[in-house]
Every structure is written in C-alpha cells, then in structure tokens.
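>>> Here is my input, please return the structure:
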Amino acid sequence: MQFAHILIVCQGNICRSPMAEYFLKKIRPDLQIVSAGIMGLIEHGADDKAMISMQQEDIDLQNHKSQKLNLALIKNADLILVMSTDQKQYIEKTWPFAKGKVFRLGHWRDIDIVDPYQQNQAVFNETCRLIKYCVDDWKNAI
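Okay, the predicted model is just below:
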C-alpha cells in the first residue's frame, strides 16, 4: 500500500508526536507528514525537554506548532500512527471510517509509548530513543 499522507497523534502534540513526525520526515522527506494531539494545545511549541532530546539527534523542533486533532486531518491521512492502544480506540470510536488506517507507532514491537510530559530529561531522552526505534520499524512499511 502506498502512503502519501501520514498523521501522527499523541495527547497534547508537544512531546511524542512532534518527535515522531520529525524523525519520520527525516527518513521520508517525500511524504506529507503532520502531527496533532487528541487534547491538542493550539499553536504551542514543542516541550523544551523534547527539543533537547531531539537536538541530541541533530533534529530541530523549533518550528513545531501544535494542533488539535480534527476530522479534516483524519480524512486526509492514509496512515495514522498513535502512541497507545487507548488513542487508537478513541480515534476509531470517534471516527469509525478511520478503522484500518490507525496503528500504534509501536505496532511492530507491540508496545505503547508512554507520555513523558512533566517528567525529567532522562525520561524524555528514553522516550525519544524509543520513538526513533519505532519510526525505524515503519521504514519498510511506508
């Protein structure tokens, strides 16, 4: 299956989904990749600790602006990557037509990626590392 538009979703769109978005953009700059949050803050920058974690990967999140998940984003996406089973279920319940195109970012490892929000830098660094591995797992599928 060919994916041109990928949507990455987390809770607030300031930590996990921007990290995954920018890792995926680095691997697949030819695709349209965006991120959003279920409880998305609007027009907020990435969390400072997320920015530090990503700087260690030579990726700059400075231009990230958060957005709230909405119908248009769901409709436009060919593939939706979420951080947890709960988020997958929420999207599929709220927008039933999305079933079949929603997967956990940690699908290939059978894991959820826990929210590092308000945790220390070490937790953000570990989350960033895990997201990078999970994004790499998707390389051959997209």
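>>> any idea how far Asn70 is from Asn120?
Distance, Asn120 to Asn70, using Cβ to Cβ, to the nearest Å: 32 Å. Bear in mind the C-beta positions are built from the backbone N, C-alpha and C, glycine included.
>>> ok, now Asn125?
Counting by Cβ to Cβ, the gap from Asn125 to Asn70 is 31 Å.
>>> more neighbours, the two?
Asn125 (16 against 11; other Cβ atoms under 10 Å).
>>> for the more buried one, what are its contacts?
Ser53, Gln56 (Cβ atoms under 8 Å, 6 or more residues apart in numbering).
>>> per-residue confidence for the residue positioned nearest the centre of the chain?
Computing the C-alpha centroid of the chain and ranking residues by Cα atoms, centre = their mean puts Ser17 first, at 2.7 Å. pLDDT recorded at Ser17 is 98.
>>> my hunch is that it is in a strand, does that hold up?
No - the assignment for Ser17, made by DSSP: H, G, I helix; E, B strand; the rest coil, is helix rather than a strand.
>>> Wait, it touches Cys10, no?
Yes - assessed by Cβ atoms under 8 Å, Ser17 is found in contact with Cys10 at 3.9 Å.
>>> Contacts only, for the residue nearest to the centre of the chain.
With Cβ under 8 Å, 6+ apart, Ser17 has these contacts: Ile8, Val9, Cys10, Ser35, Ala36, Gly37, Met83.
>>> I'd like the distance between His70 and Lys88.
Quick fix: residue 70 reads Asn, not His. Asn70 is 17 Å from Lys88, by Cβ to Cβ.
>>> same thing with Gln56?
For Gln56, the distance to Lys88 - Cβ to Cβ - is 29 Å.
>>> These two: who's more crowded?
The residue with more neighbours, out of Gln56 and Lys88, is Lys88; 21 against 10, by other Cβ under 10 Å.
>>> In the sheet, which residues pair with Arg104? Tell me.
Val82 (DSSP bridges).
>>> From what I see, it and Ile131 are in contact.
No - shown here, Arg104 and Ile131 do not form a contact pair, counting by Cβ under 8 Å, at 11.7 Å.
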